[in-house]
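Participant: here you go, sequence then predicted model.
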Amino acid sequence: MRGLLPFYRDLCTLSNRQARRNAGTVGSRCGFCGTRSNSKPQPRFGLLFDIDGVLVRGKQPIPAARKAFEKLVDSRGQFVVPVVFVTNAGNCLRQTKADQLAHILGVPITQDQVILSHSPLRMFKKFHDKCVLVSGQGPVLEIAKNVGFNNVVSVDMLRESFPLMDMVDHNRRPKLPSNPVGNLPQVEAVILFGEPIRWETNLQLIVDILLTNGNLSSVHQTRKTPHLPLLACNMDLMWMAEAHSPRFGHGTFLVCLENIYKKITGKDLKYEALMGKPSELTYHFAEYLIRSQALQRQWELPVTSLYAIGDNLMTDIYGANLYNRYLEQRVARKNPKAVAQMASAAGPGAAVPRGNEEEEEGGGNNLWESELALPSATSCKSVLVCTGVYNPNVEVPPDASHCIKETVFHGHRDFRFDPALVEPDHIVQDVAEAVERIFEQEKFGPQ
């Protein structure tokens, strides 16, 4: 955990420097400007938008999205409130996603307004110089290097070096006897960015790496514990694309990996950290970006309210409500140890990076608490739209004792189901109605 505090200090220092350097020069190109206008109201709230099922379905924009952003951007192309896009997608770079959104929505968007599921990996500096195996799709090597990893091995590179390991697809088996190339360094950690293309290949080789302690030239050691550090991004069991029903997400891949590992070893797969919604870490990072935008605009009033708009009860709504619970407890008790109260909803180590034993015993918690004390926000309200995963015909039972019988929990294994956390503050038809409702709630009229 000691790596986290310097990270936040660096971010805050950089943000202050950039705000001073860029004051008055940012302009409409990035949607924010460094000059303050006293003639227009200053917002006291920020917006966190999910993307899939809220703004787009697959590659198709949802019609209400452009209408919503017409309210959020003024005639000079500047956002009238701080806006961050928080998605569990992780198969591209932040700048690529920002460019995609700008094209779809017709407004200027920068990478500093985008959080992908893997964005918090920048904080895990103790792994940045280790040899890490990465799984996912898209430019995974480039993504890994972009978030700070210097020694990266992909599943495809493993397969090329050890061709006899991937045997499910008969057509991909070596035609002639082949010896391992074995010229790769020993893997020291595993990073799961998102659902891969060939699940059978990735499941096989990831399990092989975990059971050989990173050395595929050795045999499985099913009794060896603990296994190599494992960090996973994006826990979505399902997500909404162009099809009428939700599609498998990375959370489904994790279910497969967890069950295969347990079936072979008899032990639970352990995570060093889980990132992406509903992880509190992701919302804390989003709140930081909201404050950075307000600072860049030189808005003097602090942003005290966040509104998280999403289509998935088990990720968007659960995560927003979990973060809101932390913020409310912090305000009520003036005590950063409110984070400990969140253990009733999230398993130990599930949402935050774990330090080593001496850090945990020697005051590592104080560093994490000092970081959680940073937010200016005092609430995070959840807004559910009906254009994606959410089915308005399915209700969540209010009685937790009946939740297992009446509701299937689609959240990750390491997060406990609490019916209160999947109950949205507002339910609206689409994102345009969400923005309109929030403006009414905040009595905000930018024009």
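Facilitator: Alright, I've got the coordinates.
Participant: so the closest residue to Leu105 other than its chain neighbours, which of the three states?
Facilitator: Ranked by CB to CB, 6 or more residues apart in numbering and with sequence neighbours excluded, the top spatial neighbour of Leu105 is Phe69, at 4.9 Å. In this view, the C-beta of every residue, glycine as well, is placed from N, C-alpha and C. The three-state label given to Phe69 by DSSP: H, G, I helix; E, B strand; the rest coil is helix.
Participant: does Phe69 touch Gly106 like I think?
Facilitator: Yes - counting by CB atoms under 8 Å, Gly106 is a contact partner of Phe69 at 7.2 Å.
Participant: the nearest residue to Ser305 once chain neighbours are set aside and Asn88, how far apart?
Facilitator: Of all residues beyond its chain neighbours, the one nearest Ser305 is Phe45 (4.0 Å), with distances taken as CB to CB, 6+ apart. According to CB to CB, to the nearest Å, Phe45 stands 23 Å off from Asn88.
Participant: can you list the low-confidence ranges for this protein?
Facilitator: Applying pLDDT under 70 to the chain flags residues 1-39, 176-182, 334-373, 393-408, 446-447.
Participant: all helices for it, in order.
Facilitator: 4-22, 63-72, 94-105, 140-146, 155-161, 199-211, 250-265, 280-296, 318-333, 338-341, 357-361, 364-372, 403-406, 431-442 (DSSP state H).
Participant: the more surrounded of Phe69 and Gly106?
Facilitator: Using other CB atoms under 10 Å as the criterion, Phe69 and Gly106 rank with Phe69 on top: 22 against 14.
Participant: buried set for stretch 316-334?
Facilitator: 316-327, 329-330 (16 or more other CB atoms under 10 Å).
Participant: and that stretch, how far out from the chain middle?
Facilitator: Put simply, stretch 316-334 sits 17 Å off its chain's centre (CA atoms, centre = their mean, to the nearest Å).
Participant: going forward, begin numbering at 4 instead of 1
Facilitator: In the new numbering, first residue 4, that becomes stretch 319-337.
Participant: that older thread, so for Pro44, which of the helices of the chain sits nearest?
Facilitator: helix 434-445 (9.6 Å; CB to CB).
Participant: next, the buried residues of the closest one.
Facilitator: 434-438, 440-442.
Participant: packing partners for that helix?
Facilitator: strand 48-52, helix 66-75, strand 308-313, strand 382-388, strand 429-431 (3 or more CB pairs under 8 Å, 6 or more residues apart in numbering; DSSP states H and E).
Participant: and it with helix 66-75, angle?
Facilitator: 40 degrees (axes from the mean of the first three to the mean of the last three CA atoms, to 10 degrees).
Participant: dump helix 434-445 to CSV, restricted to CA.
Facilitator: Only the C-alpha atoms of helix 434-445 are listed here, as CSV (Å, rounded to 0.1, in the frame of the first residue of the first chain):
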residue,chain,number,x,y,z
VAL,A,434,-29.4,9.1,-20.3
ALA,A,435,-31.2,12.2,-21.6
GLU,A,436,-33.8,11.9,-18.9
ALA,A,437,-31.0,11.2,-16.3
VAL,A,438,-29.3,14.4,-17.1
GLU,A,439,-32.6,16.3,-17.0
ARG,A,440,-33.5,14.8,-13.6
ILE,A,441,-30.0,15.6,-12.2
PHE,A,442,-30.2,19.2,-13.3
GLU,A,443,-33.7,19.5,-11.7
GLN,A,444,-32.4,17.9,-8.5
GLU,A,445,-29.4,20.4,-8.4
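Participant: what angle sits between that helix and strand 48-52?
Facilitator: Using the same axes, to 10 degrees: helix 434-445 against strand 48-52 is 160 degrees.
Participant: now the angle from helix 434-445 to strand 382-388?
Facilitator: 150 degrees.
Participant: ok, Phe48 and Asn91, which is more surrounded?
Facilitator: Asn91 (31 against 20).
Participant: what sits closest to Pro395 if chain neighbours are left out?
Facilitator: Cys389 (5.3 Å).
Participant: can you report how many residues neighbour that neighbour?
Facilitator: Neighbour number of Cys389 under other CB under 10 Å is 15.
Participant: how much space between the residue nearest to Leu309 when sequence neighbours are not counted and Leu214?
Facilitator: Residue nearest to Leu309 in three dimensions, not counting chain neighbours: Cys383, with 4.2 Å by CB to CB, 6+ apart. Remark: distance between Cys383 and Leu214 (CB to CB) = 40 Å.
Participant: out of those two, which sits in the busier spot?
Facilitator: Cys383 (26 against 21).
Participant: quick check: the more buried one vs Val89, distance?
Facilitator: 11 Å.
Participant: got it, and Glu261?
Facilitator: Counting by CB to CB, the gap from Glu261 to Val89 is 25 Å.
Participant: among the two, which residue is more densely surrounded?
Facilitator: Legend: neighbour count by other CB under 10 Å for Glu261 and Val89, higher for Val89 (28 against 18).
Participant: and the gap between that one and Gln207?
Facilitator: 32 Å.
Participant: surely Pro249 touches His413?
Facilitator: No - Pro249 lies out of contact with His413 (CB under 8 Å); the separation is 9.3 Å.
Participant: list residues touching both of these two?
Facilitator: Residues touching both Pro249 and His413 by CB atoms under 8 Å, 6 or more residues apart in numbering: Met241.
Participant: so who does the residue most central in space within the chain touch?
Facilitator: The centroid of the chain falls nearest to Gly279 when counting by CA atoms, centre = their mean (2.0 Å). Applying CB under 8 Å, 6+ apart, we find Gly279 in contact with 91, 93, 120-121, 236-239, 285, 318.
Participant: as a markdown table, those residues with distance to His230 would be great.
Facilitator: Putting these into a markdown table (distance: CB to CB, whole Å) gives the following:
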| residue | distance to His230 |
| --- | --- |
| Asn91 | 25 |
| Gly93 | 22 |
| Ser120 | 22 |
| His121 | 21 |
| Cys236 | 18 |
| Asn237 | 21 |
| Met238 | 19 |
| Asp239 | 24 |
| Thr285 | 25 |
| Thr318 | 26 |
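Participant: sweet, I'm off.
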